[in-house]
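Peer 1: Attaching a predicted model along with its sequence, questions to come.
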Amino acid sequence: MRIVFIGPPGAGKGTQCKRLVDRLGIPHLSTGEMLREAKSHNTALARWIASYIDAGRLAPDHLVMRIVTHRLKAKDCVPGVLFDGFPRTTIQAHLLDDLLAEQGLQLDIAIELRVDEKKLVERLLKRAGTEGRNDDNRETIHERMRVYHLQTAPLIEYYSKQKKLAVVDGMQPPDAVFASIESQLNHYRTH
Ligand code: ADP
């Protein structure tokens, strides 16, 4: 199964994705994690990536696509994959569709975790204290939210037009969110 997860920063994507990969036994492909890993080295590329992420902006599409294309070639992605935080722009969504189509594959479902934005900012500020991510501070959080509305929210319409969008209420307790996700998956599973 190939699943895309969409939701603003702090929506709880990470938590739900971890549970989902355990349940489905498919790899978790988080472009945020992959970019943070790439950023952790002492190289010019790392500093270039940091200049985007630490400012709350998106990394360039071509860089993200290169990372994803490479990762998708691994054997463990054959049975399926859970994309977390990718695609983040409609260009990435088009390119992902093309990439999969080249292999005779397609996405099964795009899950949108819908949440209350004020609550999100609270959650993110809390996380800022515990996880120590450079991009979790008040200024960057607002920038990431703005970027989400501008660049990522259009994906909701993109997948809705493809009849692949499943909206899940992300304000429920985590177990209820997971149950809603599972019931949506049963509807959309094509293979
Ligand atoms: P969150 O959803 O909490 O913001 P992520 O780990 O998904 O966290 O992403 C962290 C940062 O990594 C983003 O703010 C962005 O700068 C960068 N990033 C992650 N995925 C992408 C992507 N698909 N395209 C461009 N930039 C990305």
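Peer 2: Done, it's in.

Peer 1: where does V168 land in three-state SS?
Peer 2: The local conformation at V168, judged by DSSP: H, G, I helix; E, B strand; the rest coil, is strand.

Peer 1: and it, how many neighbours?
Peer 2: 25 (other C-beta atoms under 10 Å). Every residue, glycine included, has its C-beta placed from N, CA and C.

Peer 1: So for it, what's the nearest residue that isn't a sequence neighbour?
Peer 2: Closest residue to V168 in three dimensions, ignoring its sequence neighbours and counting by C-beta to C-beta, 6 or more residues apart in numbering: S180, at 4.7 Å.

Peer 1: Against which helices or strands is the host helix or strand of that neighbour packed?
Peer 2: Under the assignment given by DSSP states H and E, the secondary-structure element containing S180 is helix 174-188. Contacts defined by 3 or more C-beta pairs under 8 Å, 6 or more residues apart in numbering; DSSP states H and E place helix 174-188 against helix 13-24, strand 109-114, strand 165-169.

Peer 1: hmm, 10 Å instead?
Peer 2: On a contact count with 3 or more C-beta pairs under 10 Å, 6 or more residues apart in numbering; DSSP states H and E, helix 174-188 meets strand 2-6, helix 13-24, strand 109-114, strand 165-169.

Peer 1: Could I get the buried residue list for it?
Peer 2: Along helix 174-188, these residues count as buried under the neighbour rule (16 or more other C-beta atoms under 10 Å): V177, F178, S180, I181, Q184, L185, Y188.

Peer 1: Columns distance to L45 and mean pLDDT on top of the helices and strands packed on helix 174-188, output as CSV?
Peer 2: Listed next are the helices and strands packed on helix 174-188 as CSV, based on distance: least, C-beta to C-beta, whole Å; pLDDT from 0 to 100:
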stretch, distance to L45, mean pLDDT
strand 2-6, 26, 96
helix 13-24, 24, 93
strand 109-114, 30, 96
strand 165-169, 34, 96
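
Peer 1: any idea which of these is most buried?
Peer 2: Relative to the other members of the helices and strands packed on helix 174-188, strand 2-6 carries the highest mean neighbour count by mean count of other C-beta atoms under 10 Å, namely a mean of 25.
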